[in-house]
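>>> Need coordinates for the following:
(2 chains)
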Amino acid sequence: MINLRWILCTASLALAGAASAHHSGAMFDVNKDVTLEGTVKGWDFTAPHSWLHVITTGPDGKPVEWSLEGGPPGGLLRKDSFKAGDKVSVQIHPMKDGRPAGTLGVATFPDGHKVGVRPPT
Amino acid sequence: MTHRRIGAFACGAWLVMIGSAAAAQTAAAPEAVAPEYRQSWADYLEMKAKAAPPKIPNWSGLWRRRVGGGGLASFGDQDPPLPGLRGYGQSTAQLTPKYKAAYDKKVADIRKDIEWGRLSYCLPAGMPRWLGEPFLKEFIVTPEKTWMINEEFSEVRRIHTDGQGHLSEGLIGPLWQGDSIGFWDGDTLVIHTTHLKAGEYQKGQPDFSFKASLLERVRMTDPETIVDEITAYDPESLLKPYKATFTYRKVNDPALRLNFSSCEEGNNAVRTPEGGTNYLLPGDPGYRDPNSFGIPDVALDSLPK
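Numbers count the residues shown, from 1 in each chain, chains lettered A, B, ... in the order given. Next comes the predicted model:
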């Protein structure tokens, strides 16, 4: 079982936070960096935003589904970036209202490869 | 010439005459633009008079905006960061008092997390906000017309370079992308756009009125870079023309193709009672699953895993 582990980081996310969206991102706390560890439930590779759904384990030991907003197709993410069942560690900016959702930042897989890292320009 | 041939000739001549008259009615004479557009139109005509012979470039491929110091919520590369609001640019527009007050209020509201944009209704960005939106872009150039396509909302701009003027007043109303005509100054596309829907330059940026018009110079500066230098004119909102530069970098990923996308299928944004934005999440009443919204029930089990 993958445990939910909250890690407060001082480094900013590789991907821009709330202001990267075409809509307001005020619902996300861009000053808070959190790392989630869990299992991918689903990957909605849609526009204008993709969504990664990750099952983690809450403090009470019960499963919690997190919904993480990512960029659009054609950005740093691809249809094959994630699949159901993947184990991932994901950096996020969480929702200010405490609901299990946030922005999708860099995702790291058990083999060390990362998704969502901007290549050098 | 037989009577039948005379009749056919006369009929054909009459049809040509009718067609020409119709074309003249739809294409405005060069000097016949509405008063609010005359400054930008004069600047456009001045550029046209000095234009070099056309040298149509190849802008094929996919492109993405290179973000300047102000972040994605800025209008152009030149905006500095707005202090205290991550990712928002400080506008350099010289605004009239009415529009300055509206902009100041908008920024003050955003600092209190009160922000709602029309794109959350799945309405398009429109021009000139089209220029600053993220997502992939495609530019299709022909001698008679150039199409500029944004992946977001599948918005298409059409710039007519076949010599016709703007559509006549009375035959046109406010348009999301405006009415765009242009010419080639060497390898630079010069574009004049009128009849815009009022809107905002970008989220967190000033608003403009229905009387705005735009003048652009678009050029590929190297094989990986296209630069759009835009000047906005608006007698209602601007004290002087507002200049901005947008830079687009080529996206070299053979696995990428620009496809149609629907905003509505996964639009879970909701407006809060305070006027801000929030999301419905899976399990919330009214949540839209983009995988199944609008799909016949009988076909749901065929969704690729």
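>>> mind showing which ranges of the chain have poor pLDDT?
No chain in the question, so chain A it is. Low-confidence segments of chain A, defined by pLDDT under 70, span residues A:1-21, A:74-75, A:117-121.
>>> hmm, I had chain B in mind actually
Scanning chain B for pLDDT under 70 picks out B:1-31.
>>> switch to 90 and redo it
Judged by pLDDT under 90, chain B has its weakly predicted residues at B:1-32, B:72, B:84-87, B:134-135, B:152-154, B:168-172, B:253-262, B:266, B:291, B:304-305.
>>> I'd like the distance between whichever residue of it sits closest to chain A and B:Ala255.
Taking Cβ to the nearest Cβ as the measure, chain B has B:Gly87 as its residue closest to chain A, at 2.3 Å. To be clear about C-beta, it is placed using only N, CA and C from the backbone, and glycine gets the same treatment. The span separating B:Gly87 from B:Ala255 equals 28 Å under the rule Cβ to Cβ, to the nearest Å.
>>> what about B:Val33, how many neighbours?
Here the number of neighbours of B:Val33 (other Cβ atoms under 10 Å in any protein chain shown) works out to 22.
>>> list the contacts for residue 115?
If you meant another chain, say so; for now it's chain A. Residues touching A:Val115, when contacts are defined by Cβ atoms under 8 Å, 6 or more residues apart in numbering or on different chains, comprise A:Leu76, A:Leu77, A:Ser81, A:Phe82, A:Val106, A:Ala107, A:Phe109.
>>> sorry, should have said chain B
A:Ser24, A:Ala26, B:Asp109, B:Lys203, B:Gly204, B:Gly275, B:Gly276, B:Thr277 are the contacts of B:Glu115 under Cβ under 8 Å, 6+ apart.
>>> swap in B:Gly178?
Applying Cβ under 8 Å, 6+ apart to B:Gly178 gives the contacts B:Gly126, B:Met127, B:Thr193, B:Thr194, B:His195, B:Leu196, B:Ser213, B:Leu214.
>>> Throw the contacts of B:Glu115 into TSV and include distance to A:Val64 and secondary structure, thanks.
Listed next are the contacts of B:Glu115 as TSV, based on distance: Cβ to Cβ, whole Å; DSSP: H, G, I helix; E, B strand; the rest coil:
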residue	distance to A:Val64	secondary structure
A:Ser24	25	coil
A:Ala26	23	coil
B:Asp109	32	helix
B:Lys203	31	coil
B:Gly204	32	coil
B:Gly275	30	coil
B:Gly276	25	coil
B:Thr277	23	strand
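>>> For the buried ones among the residues you listed, write the corresponding PyMOL selection.
A single PyMOL command selects the buried members of these (16 or more other Cβ atoms under 10 Å in any protein chain shown):
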select buried, (chain A and resi 24+26) or (chain B and resi 109+203+204+276+277)
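>>> thinking again about what came up before, next step: the contacts of B:Gly178 restricted to strands.
Using DSSP state E, the members of the contacts of B:Gly178 that fall in strands are B:Thr193, B:Thr194, B:Ser213, B:Leu214.
>>> so which of the contacts of A:Val115 comes closest to A:Ser67?
Closest to A:Ser67 out of the contacts of A:Val115 is A:Phe82 (13.2 Å), distances taken as Cβ to Cβ.
>>> residues touching the closest one, list them.
Taking Cβ under 8 Å, 6+ apart as the definition, contacts of A:Phe82 comprise A:Val40, A:Trp43, A:Leu52, A:Val88, A:Ala107, A:Val115.
>>> and the closest residue to the third one other than its chain neighbours, how many neighbours does it have?
In this case it means A:Leu52. Of all residues not flanking A:Leu52 in the chain, A:Leu68 sits nearest, at 4.5 Å (Cβ to Cβ, 6 or more residues apart in numbering or on different chains). Residue neighbour count, defined by other Cβ under 10 Å, stands at 23 for A:Leu68.
>>> With A:Ser50 instead?
Residues near A:Ser50, counting by other Cβ under 10 Å: 24.
>>> show me the contacts for it.
So A:Ser50 contacts A:Trp43, A:Asp44, A:Glu69, A:Gly70, A:Gly71, A:Pro72, A:Pro73, A:Leu77, A:Leu104 (Cβ under 8 Å, 6+ apart).
>>> 7 Å instead, please
A:Ser50 makes contact with A:Asp44, A:Gly70, A:Gly71, A:Pro72, A:Pro73, A:Leu77 under the criterion Cβ atoms under 7 Å, 6 or more residues apart in numbering or on different chains.
>>> can you check B:Asp162 too?
Applying Cβ under 7 Å, 6+ apart, the residues contacting B:Asp162 are B:Glu144, B:Lys145.
>>> What values do phi and psi take at it?
The main-chain torsion angles of B:Asp162 are listed as degrees, to the nearest 10 and equal phi -90, psi 10.
>>> roughly how far apart are it and A:Leu36?
Counting by Cβ to Cβ, the gap from B:Asp162 to A:Leu36 is 55 Å.
>>> Quick check: B:Ala108 is in a helix.
Yes: using DSSP: H, G, I helix; E, B strand; the rest coil, the assignment for B:Ala108 is a helix.
>>> Which of the three states applies to the residue nearest to A:Gly70 when sequence neighbours are not counted?
Distances taken as Cβ to Cβ, 6+ apart put A:Leu104 closest to A:Gly70, at 3.7 Å, once the chain neighbours are dropped. For A:Leu104, the reduced secondary structure class is strand; criterion used: three-state DSSP.
>>> you'd agree B:Ser294 is in a helix?
In this structure residue B:294 is Gly, not Ser. No: secondary structure assignment (three-state DSSP) places B:Gly294 in coil, not in a helix.
>>> Could you verify my assumption that B:Asp234 touches B:Lys211?
Yes: taking contact to mean Cβ atoms under 7 Å, the distance of 5.9 Å between B:Asp234 and B:Lys211 places them in contact.
>>> Okay, B:Pro174 and B:Leu196: tell me how far apart.
B:Pro174 sits 6 Å away from B:Leu196, going by Cβ to Cβ.
>>> The two: which is more packed in?
Looking at B:Pro174 and B:Leu196 with other Cβ under 10 Å, you find the greater number of neighbours at B:Leu196, namely 25 against 14.
>>> hang on, the earlier thing: of the contacts of A:Ser50, which pair is most distant in space?
Taking Cβ to Cβ as the measure, those span a maximum distance of 12.4 Å, between A:Asp44 and A:Gly71.
>>> Between those two, point out the one with more neighbours.
A count of neighbours by other Cβ under 10 Å puts A:Gly71 above the other of A:Asp44 and A:Gly71, at 21 against 18.
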